[in-house]
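Q: fold the stuff below for me.
(2 chains)
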2 protein chains.
Amino acid sequence: MSPTGLLYPKMTVVGAGLIGGSVILAARAHGVVGEITIADASEAHRARALEIGLADHVTGDLAEAVRDADLVVIATPVLSIGEVAAAVAPHLKAGATLTDVGSTKATIAEAFRSPALAKVFPIPGHPIAGTEQSGPDAGFAELFEGRWTILTPLADREDEAYAAAVAKLSAFWRSFGAQVELMEEKHHDLVLAVVSHLPHLIAYTIVGSAADLENVTENEVIKYSASGFRDFTRIAASDPTMWRDIFVANKDAVLEMLGRFTEDLQAMSRAIRWGDADTLHAHFTRTRAIRRGIVAAGQESAEPNFGRDRGKH
Amino acid sequence: MSPTGLLYPKMTVVGAGLIGGSVILAARAHGVVGEITIADASEAHRARALEIGLADHVTGDLAEAVRDADLVVIATPVLSIGEVAAAVAPHLKAGATLTDVGSTKATIAEAFRSPALAKVFPIPGHPIAGTEQSGPDAGFAELFEGRWTILTPLADREDEAYAAAVAKLSAFWRSFGAQVELMEEKHHDLVLAVVSHLPHLIAYTIVGSAADLENVTENEVIKYSASGFRDFTRIAASDPTMWRDIFVANKDAVLEMLGRFTEDLQAMSRAIRWGDADTLHAHFTRTRAIRRGIVAAGQESAEPNFGRDRGKH
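A: As a prediction, this is how the structure comes out:
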């Protein structure tokens, strides 16, 4: 039981997947919610959620699920969150908090600005955590420990009650061991485009390019992958549906970042073509600073195997 | 002591760095060489090599160092290997084996084809292993265990004696626990361009692009780097001088691979711009096969932390 105490007497989670399930388990472990309801469109998911006792109530009826809830967490795929918000809007209790856990925020903030949600506190959110698992069995209470959760409160909701709802939702995430950051939704999407979406797009692309070569076999790529390629294949094995949704929803920020990257890559290409050793050396030296920052910030400690896995060439 | 037995009564290593030092320690540990000589141009490296007893003889005089050697291993930076080969050529014993450990092979094979080397057995080589350390203290005997070493024998040297020299050098590397593969030098450079050089170039570029953004701070990039970016920063912290040399020496293969990648990235960009969800999904699904191949081949086992580090978004 956490020192936070009960924050929401009744919580409803829409979508009993990895994140939804983990939110429930963490909230229960830390005693910050009372009664828990799950709404899920999949009959199989509902049956399984019942079987493992994930919630007090499990239903396929969205309206019924959210009626008395103090907190509603939409934990469905990114492209469906706006729709779910519109569907539950007429049934929400006045003064309830509505949030989500989607990986992009601008399109969701847009949906959350609907006049139909004026009587509740809609606060878009994004816990930066996950595993490759999915479904009702995938969740675990510790998923958010030591991770960041970004909330993107709506700028046009400046009243004190809204600010109090944001503070309470922040306390909810903090009780799970997460660190909370508030951010404007467009900025969130830009930051995530850099640190997550563009890296994933690049990894997916290079792994595809390697698979298409006619003069290098897939077997050779696999055999010698320890020399750099392997890290990309790990990222490129992420869930295709989730990532498709992210690139559709965060198109503008991803294309902007991709434009920057492509320009820079062309400059490197030119330096290689002209044998401009000084430009290459200067660039390769400069990028070490960010790595040092990451290690210094404890985002990554010197793993025991670090030395041996790096610098292979 | 390995069951291989003594292969080369006298071995000379040029360059007392990480790889040169590791070759010496592994060769001694497995009893495959007798007398060991180091040649190094750096007075500090020579002093240190003497201090830690890395070899039986340590000298700055290349001619003297290689005079009686049965095996000469050039372990200097890629761009200097051709020069060293030319410098030692007149002093080599007839029938000696000359090899190197550089990360690219076509330019080195070219140098090894010199008529001045006709009386020896020049066999370009590349152990795919390394750490971020350098200098005479960096080496360790186990560096090559479970790694690949690629040899690129010269196609124009088809005599039996040359084949026997290649077989002996293969046994030398195998005695260290390495797996040996023979390959044509241009093919080596193409394979390494895919699995190593292009991934490094891309990682260096994206880390540089992220550092240059005016609307996302370096602190934000560091804070949220766990969501994909971090893997790239690790690669982009590799030794700048080594990588500059690699891109200069392997220009053609890198530019060819970069061209393929850029085309594929443009196709992805177009799919995102037009919201072509099906193309994105199909591509993201396809790339999982290579990952499965890598895990199946034991190139990477399911690390304990694997699940939690993957799929963050």
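Q: quick one: the helices in the stretch 1-150 of chain A?
A: Along the stretch 1-150 of chain A, counting by DSSP state H, counting those that start in this stretch, helices occupy A:18-29, A:43-51, A:62-66, A:81-88, A:106-112.
Q: do you know which of the ones you listed lies nearest residue B:72?
A: Of all the helices of the stretch 1-150 of chain A, it is helix A:18-29 that lies closest to residue B:72, at 56.8 Å by C-beta to C-beta. Using the backbone N, CA and C atoms, a C-beta is placed for each residue, glycine as well.
Q: so what's residue A:34 closest to, chain neighbours aside?
A: Among residues not flanking residue A:34 along the chain, residue A:9 sits closest, at 4.3 Å (C-beta to C-beta, 6 or more residues apart in numbering or on different chains).
Q: for that neighbour, list the residues it contacts.
A: A:33, A:34, A:35, A:70 (C-beta atoms under 8 Å, 6 or more residues apart in numbering or on different chains).
Q: distance check, it against residue A:16.
A: For residue A:9, the distance to residue A:16 (C-beta to C-beta, to the nearest Å) stands at 21 Å.
Q: same question for residue A:44.
A: 10 Å.
Q: cool, residue A:162 as well?
A: In terms of C-beta to C-beta, residue A:162 sits 29 Å off from residue A:16.
Q: before we move on, back to that, distance check, the residue nearest to residue A:34 against residue A:129.
A: Per C-beta to C-beta, residue A:9 is found 26 Å from residue A:129.
Q: ok, back up a step: just checking, which of the contacts of residue A:9 belong to strands?
A: If you go by DSSP state E, those have A:33, A:34, A:35 in strands.
Q: and which of those residues is nearest residue A:214?
A: Using C-beta to C-beta, the ones in strands among the contacts of residue A:9 come closest to residue A:214 at residue A:33, 56.6 Å.
Q: which ones are touching the closest residue to residue A:219 other than its chain neighbours?
A: Excluding its sequence neighbours, the residue lying closest to residue A:219 (C-beta to C-beta, 6+ apart) is residue B:293, at 7.9 Å. Residue B:293 makes contacts with A:218, A:219, A:222, as judged by C-beta under 8 Å, 6+ apart.
Q: let me see the mean pLDDT of the helix or strand encompassing residue B:293.
A: Per DSSP states H and E: residue B:293 is located in helix B:288-296. Helix B:288-296 comes out with an average pLDDT of 79.
Q: where in the stretch 101-250 of chain A is pLDDT low?
A: Within the stretch 101-250 of chain A, no stretch has pLDDT under 70.
Q: what about the strands in it?
A: Here the stretch 101-250 of chain A has its strands, by DSSP state E, counting those that start in this stretch, at A:121-123, A:125-127, A:148-151, A:179-182.
Q: closest to chain B among the contacts of residue A:9?
A: residue A:33 (24.0 Å; C-beta to the nearest C-beta).
Q: what's near enough to touch the closest one?
A: So residue A:33 contacts A:6, A:7, A:8, A:9, A:10, A:11, A:27, A:71 (C-beta under 8 Å, 6+ apart).
Q: CSV please, covering those residues and showing pLDDT.
A: Shown next, in CSV, are the contacts of residue A:33 (pLDDT from 0 to 100):
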residue, pLDDT
A:6, 96
A:7, 98
A:8, 98
A:9, 98
A:10, 98
A:11, 98
A:27, 98
A:71, 98
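Q: rewinding a little: and which of the contacts of residue B:293 is nearest residue A:175?
A: Proximity of these to residue A:175 (C-beta to C-beta) peaks at residue A:222, which lies at 43.9 Å.
Q: pretty sure the closest one is touching residue B:292, no?
A: No. Contact criterion C-beta atoms under 8 Å: residue A:222 and residue B:292 do not qualify, at 9.7 Å.
Q: looking at those two, which is more packed in?
A: Comparing residue A:222 with residue B:292 by neighbour count (other C-beta atoms under 10 Å in any protein chain shown), the higher total belongs to residue A:222, at 22 against 12.
Q: now do the nearest residue to the more buried one once chain neighbours are set aside against residue B:198, distance only.
A: Leaving aside its sequence neighbours, residue A:222 sits nearest to residue B:293 (C-beta to C-beta, 6+ apart; 4.6 Å). Residue B:293 sits 19 Å away from residue B:198, going by C-beta to C-beta.
Q: again with residue A:28
A: Distance from residue A:28 to residue B:198, by C-beta to C-beta: 47 Å.
Q: cool, and residue A:261?
A: 14 Å.
Q: which of these two has more neighbours?
A: residue B:198 (25 against 22).
Q: that one touches residue B:261, doesn't it?
A: Yes. With contact defined as C-beta under 8 Å, residue B:198 reaches residue B:261; the gap is 6.2 Å.
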